[in-house]
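Colleague: here is my input, please return the structure:
(one chain, ligands or ions: 1)
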Amino acid sequence: MDVLAHGLWGGVAFYPHGAKRFAAGLALGMAPDLLSFGLFHVSHPGWLSLRLAGQISGPPPLSILPEFVFHAYNLTHSLVVWAALFALIWALRKRPPWVFLAWSLHIVCDIPTHNSAYFPTPYLWPFPTPLVEGILWATPWFMITNYSALLAAYLGVALLARKLNLGRTEGGFSG
Ligand SMILES: [Zn+2]
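Modeller: Modelled structure (predicted):
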């Protein structure tokens with residue numbers, strides 16, 4: 001899935017809980033890609049500017065990616081690593097870091113939207129992982145369906161939040 005859609009899905013459940021929680025969900029939803037591919041883009045501004053100028057398209061070919069991107073991708077796209085971090089933060093803060101679920105949602109969404117030709121999701125890394133031959137997220141029908149689903153999800157969440165707030169106000173008046 002593209003990084004923006006990952007962020008939007010990561011933030012959707014936190015949208016009614018204020019700008020700070022929403023921003024955290026958005027950032028954590030994008031984090032697995034920002035901390036792997038994002039680092040490549042930051043360290044290769046020439047490639048990024050050519051891509052932004054439309055002179056090259058698509059993801060960077062495997063041959064030009066430095067070794068660290070592959071290591072970072074394994075670390076950031078593993079549910080095993082995620083679960084260990086989630087448990088650690090839970091233990092340190094004495095309460096579950098719910099917003100961190102946005103990160104695991106990213107990994108779960110990547111499993112069926114990548115294939116073995118380009119970064120299949122290493123969701124069980126460092127353990128042997130049965131790789132999934134998914135559909136490519138850049139397929140036009142998938143992009144349209146995904147962003148339509150996002151729009152519906154945000155409308156649904158916004159309506160629900162409004163209804164709950166109204167209920168609270170009415171409850172306040174009647175009480
Ligand atoms: Zn990803």
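Colleague: name the element Trp103 belongs to?
Modeller: Under the criterion of DSSP states H and E, Trp103 resides in helix 101-110.
Colleague: what's next to that helix, contact-wise?
Modeller: Residues from elsewhere that reach helix 101-110 (Cβ atoms under 8 Å, 6 or more residues apart in numbering): 1, 6, 9-11, 13-14, 24-26, 28-33, 77-79, 82-83, 86, 121, 123. Just so you know, the C-beta spots here come from the backbone N, C-alpha and C atoms, and that holds for glycine as well.
Colleague: using PDB, list the CA coordinates for that helix.
Modeller: Coordinates of each C-alpha in helix 101-110 appear next as PDB, following Å, rounded to 0.1, in the frame of the first residue of the first chain:
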ATOM      1  CA  LEU A 101      -1.500  -0.600  16.700                       C
ATOM      2  CA  ALA A 102      -1.300   1.700  13.700                       C
ATOM      3  CA  TRP A 103       2.200   0.300  13.000                       C
ATOM      4  CA  SER A 104       0.900  -3.400  13.100                       C
ATOM      5  CA  LEU A 105      -1.900  -2.400  10.800                       C
ATOM      6  CA  HIS A 106       0.700  -1.300   8.300                       C
ATOM      7  CA  ILE A 107       2.400  -4.700   8.300                       C
ATOM      8  CA  VAL A 108      -0.900  -6.500   8.100                       C
ATOM      9  CA  CYS A 109      -2.000  -4.400   5.100                       C
ATOM     10  CA  ASP A 110       1.400  -5.000   3.300                       C
END
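Colleague: next secondary structure element downstream of it?
Modeller: Downstream of helix 101-110, the first helix or strand assigned by DSSP H and E is helix 140-174.
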